[in-house]
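J.: Have a look; sequence and predicted model below, questions after that.
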Amino acid sequence: MTQEQYILAAQPNPLHQRGASVCGTQVYPAVGIYGWRKRCLYFFILLLLVTMIVNLALTIWILKVMNFTPDGMGNLRVTKEGVRLEGVSEFLLPLYVKEIQSRRVRPHWLQSSLTRPVSFFSSYNDMLCQQITGISGVKAQCQRFEVRSTDGEKVLFSADEEEISIGTEKLRVTGNEGVVFSHSVETSHVRAEPFQDLKLESPTRTLTLEAPRGVEVNAGVGDFTASCRKDLLLQSSEGEIFLDANTIRLGSIPLGSAVDPLEGAPAGTTYTKQTVYELCACANGKLYLSPAEKGSTCQTTSNFCLWS
């Protein structure tokens, strides 16, 4: 045996140390994790499985509670026309939208808690409208406020700094005391409900009816009464005042007096036995009665106009 063969034979063979030969077959020992390492590995695998099951269950529960659907979540639905909210929705932060519209058969509610205002801004961050809802009432601050019809073409009500316009065909006031206007009112027709009286009244000021083409007062069935504390003025700048009735009565008209130069009757003589009188008018428009004769006696009884 050479020296190299002796050295190789003397060195230990690692294959002989790791396994033994049984009947000419090489046998190796089993390789794995045993003991507490194996138990820890199984415990972590079991814990991971439980965590996955709990996570999946919580995910399904959240999807069920929040009502997630392919169209949205909860009260929120995403449609072709935009975003639709059903039921009561609360926004804790500002909401930026172009248009807010309710369903045709449902009312539209905008509510702010603790009397906080609901503000509307433009794209340039300019406040367009601000609405404050409280216990005492509702306040809105905007340049112009409009209420339109269902089709959006006709303006039913509009208000701005200069005027308030009502575009409906009929404005009905159902209060017992009627309606009170602090300033002038412009309208083409004022009438009461059927079988109800129409009353225009100014308790402490003057009541004036003006129109460029005339004022018509018509009581088709009932009576027309005009009463005042001082003067009742009927004035026509270009036309005439026309009173058309079967009977026109003017009560409490004074009787004129005259001085007859032929008989020497004193001034202030009245005609007490006269039963038919003539209606005369002074230059200032006041009316008085004069005894009716063949000719007019207004000139002879015009002494009333001197002291009236």
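T.: Looks like it came in fine.

J.: And the strands in the chain, which stretches?
T.: 20-22, 25-27, 68-69, 72-73, 76-78, 83-85, 118-121, 127-133, 138-142, 145-148, 155-159, 164-166, 277-281, 287-291 (DSSP state E).

J.: Present those as JSON lines; the columns should include mean pLDDT, distance to L306 and mean neighbour count.
T.: Every residue, glycine included, has its C-beta placed from N, CA and C. Below are the strands of the chain laid out as JSON lines (pLDDT from 0 to 100; distance: least, C-beta to C-beta, whole Å; neighbours: other C-beta atoms under 10 Å):
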{"stretch": "strand 20-22", "mean pLDDT": "50", "distance to L306": "162", "mean neighbour count": "10"}
{"stretch": "strand 25-27", "mean pLDDT": "58", "distance to L306": "158", "mean neighbour count": "10"}
{"stretch": "strand 68-69", "mean pLDDT": "78", "distance to L306": "97", "mean neighbour count": "12"}
{"stretch": "strand 72-73", "mean pLDDT": "75", "distance to L306": "92", "mean neighbour count": "14"}
{"stretch": "strand 76-78", "mean pLDDT": "78", "distance to L306": "89", "mean neighbour count": "14"}
{"stretch": "strand 83-85", "mean pLDDT": "77", "distance to L306": "84", "mean neighbour count": "13"}
{"stretch": "strand 118-121", "mean pLDDT": "67", "distance to L306": "71", "mean neighbour count": "14"}
{"stretch": "strand 127-133", "mean pLDDT": "67", "distance to L306": "67", "mean neighbour count": "15"}
{"stretch": "strand 138-142", "mean pLDDT": "73", "distance to L306": "62", "mean neighbour count": "12"}
{"stretch": "strand 145-148", "mean pLDDT": "83", "distance to L306": "60", "mean neighbour count": "13"}
{"stretch": "strand 155-159", "mean pLDDT": "87", "distance to L306": "56", "mean neighbour count": "14"}
{"stretch": "strand 164-166", "mean pLDDT": "83", "distance to L306": "51", "mean neighbour count": "12"}
{"stretch": "strand 277-281", "mean pLDDT": "90", "distance to L306": "13", "mean neighbour count": "15"}
{"stretch": "strand 287-291", "mean pLDDT": "89", "distance to L306": "11", "mean neighbour count": "20"}
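
J.: Would you convert these into TSV that also reports distance to G239?
T.: Below are those laid out as TSV (distance: least, C-beta to C-beta, whole Å):
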stretch	distance to G239
strand 20-22	141
strand 25-27	137
strand 68-69	74
strand 72-73	70
strand 76-78	67
strand 83-85	62
strand 118-121	52
strand 127-133	48
strand 138-142	45
strand 145-148	40
strand 155-159	35
strand 164-166	31
strand 277-281	18
strand 287-291	20
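
J.: nearest to R39, of these?
T.: strand 25-27 (28.0 Å; C-beta to C-beta).

J.: Give the residue spans of the stretch 51-200 of the chain that score low on pLDDT.
T.: Residues of the stretch 51-200 of the chain meeting the criterion pLDDT under 70: 103-128, 131-138.

J.: swap the cut-off to 50 and go again
T.: Applying pLDDT under 50 to the stretch 51-200 of the chain flags no residue at all.

J.: can you give me the helices for it?
T.: In the stretch 51-200 of the chain, no helices are defined using DSSP state H, counting those that start in this stretch.

J.: same deal with the stretch 201-308 of the chain?
T.: Counting by DSSP H, counting those that start in this stretch, the helices of the stretch 201-308 of the chain are 303-307.

J.: so where's it uncertain?
T.: 261-267.

J.: If we use 80, what do you get?
T.: For the stretch 201-308 of the chain, the stretches with pLDDT under 80 are 213-214, 219-222, 224, 231-239, 243-245, 257-274, 307-308.

J.: L279 bridge partners, please.
T.: L289 (DSSP bridges).

J.: Touching, it and P291? I think so.
T.: No: applying C-beta atoms under 8 Å, one finds L279 not in contact with P291, separated by 11.6 Å.

J.: okay but S257 is in contact with T301, surely?
T.: Yes: in this structure, S257 is within contact of T301 by C-beta under 8 Å, at 6.2 Å.
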